[in-house]
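Q: Sequence and predicted structure below; questions after.
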Amino acid sequence: MYLLLGASGVGKTLLVKRLQNILTDSGWCCHLTLQVGTNLTDLLIQKKITIRELGGCMGPIWPSYYGDCSSVLFMIDAANPTQISSSCVQLLSLLSTEQLASASVLILFNKIDLPCYMSLVEMKSLFRIQDIISCANQPITVVETSARDGTGLPDVLQWLRSTLKDPS
């Protein structure tokens with residue numbers, strides 16, 4: 001089980017739908033609504049994996065889903081610097097959880113195609129991403145994406161494939 005977490009409106013649902021479309025060659029999905037609650041999506045990447053997307057409003061109960069989780073995708077809205085501090089707190093909280101001590105973590109800076117008054121470098125610095133990576137017990141990968149235009153999605157698929165490899 002993979003968990004897809006992040007604040008409301010960061011693009012989690014669109015990411016999953018775009019990955020699904022890439023893997024099935026089914027073209028562009030047209031209508032999305034704001035996800036409330038949880039959403040399960042199966043992807044066939046060498047073998048079937050299940051991504052459980054949890055709505056941002058469910059943050060307080062995310063820990064109840066950690067036990068079934070092997071990997072975490074954590075999404076941040078790169079076009080919304082006002083969410084940086086709350087996203088950072090959420091990320092630090094999940095990285096310090098015993099149940100996720102051995103989980104692989106993918107941090108997605110999404111919406112890089114949208115204008116923002118801060119550069120991505122400034123945002124990552126404010127987020128203190130290098131400090132987080134150096135202090136975490138988990139292997140962390142950072143990818144810049146646009147779920148809307150597809151930027152970075154091949155890197156996300158590559159990361160998903162890499163988490164399937166036998167660690168022995």
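A: That came through, no problem.

Q: where along this protein do the helices fall?
A: 12-24, 84-95, 120-127, 129-135, 153-164 (DSSP state H).

Q: Of those helices, which is nearest Ala78?
A: The minimum distance between Ala78 and the helices of the chain falls on helix 120-127, with 6.0 Å, by C-beta to C-beta. In short, each C-beta sits where N, CA and C put it, glycine included.

Q: contacting residues around the nearest residue to Ser102 once chain neighbours are set aside?
A: Leaving aside its chain neighbours, Ser102 sits nearest to Gln138 (7.1 Å; criterion: C-beta to C-beta, 6 or more residues apart in numbering). Residues near Gln138 by C-beta atoms under 8 Å, 6 or more residues apart in numbering: 95, 100-105.

Q: ok, now with 7 Å
A: 95, 100-101, 103-105 (C-beta atoms under 7 Å, 6 or more residues apart in numbering).

Q: what's around Ile132, how many residues?
A: Using other C-beta atoms under 10 Å, Ile132 has 18 neighbouring residues.

Q: Among the contacts of Gln138, which one lies nearest to Ile45?
A: Nearest to Ile45, judged by C-beta to C-beta, of these is Ser104 at 13.9 Å.

Q: Verify the stated contact: the closest one with Arg161.
A: No. Taking contacts as C-beta atoms under 7 Å, Ser104 lies outside contact range of Arg161: 11.6 Å.

Q: quick one: which of the two has more around it?
A: It is Ser104, of Ser104 and Arg161, that has more neighbours when counted by other C-beta under 10 Å, with 18 against 12.

Q: Distance check, that one against Pro139.
A: In this view, Ser104 and Pro139 are 5 Å apart by C-beta to C-beta, to the nearest Å.

Q: now do Val105
A: 7 Å.

Q: Can you tell me which of the helices of the chain has the worst average pLDDT?
A: Of all these, the minimum mean pLDDT falls on helix 120-127 (a mean of 86).

Q: May I have that helix as PDB, with CA atoms only?
A: Output of helix 120-127 as PDB, limited to C-alpha atoms (Å, rounded to 0.1, in the frame of the first residue of the first chain):
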ATOM      1  CA  LEU A 120      11.300  26.800  -6.300                       C
ATOM      2  CA  VAL A 121      14.800  27.200  -4.900                       C
ATOM      3  CA  GLU A 122      13.600  29.800  -2.400                       C
ATOM      4  CA  MET A 123      10.600  27.600  -1.500                       C
ATOM      5  CA  LYS A 124      12.800  24.500  -0.900                       C
ATOM      6  CA  SER A 125      15.100  26.600   1.200                       C
ATOM      7  CA  LEU A 126      12.200  27.900   3.300                       C
ATOM      8  CA  PHE A 127      10.900  24.300   3.600                       C
END
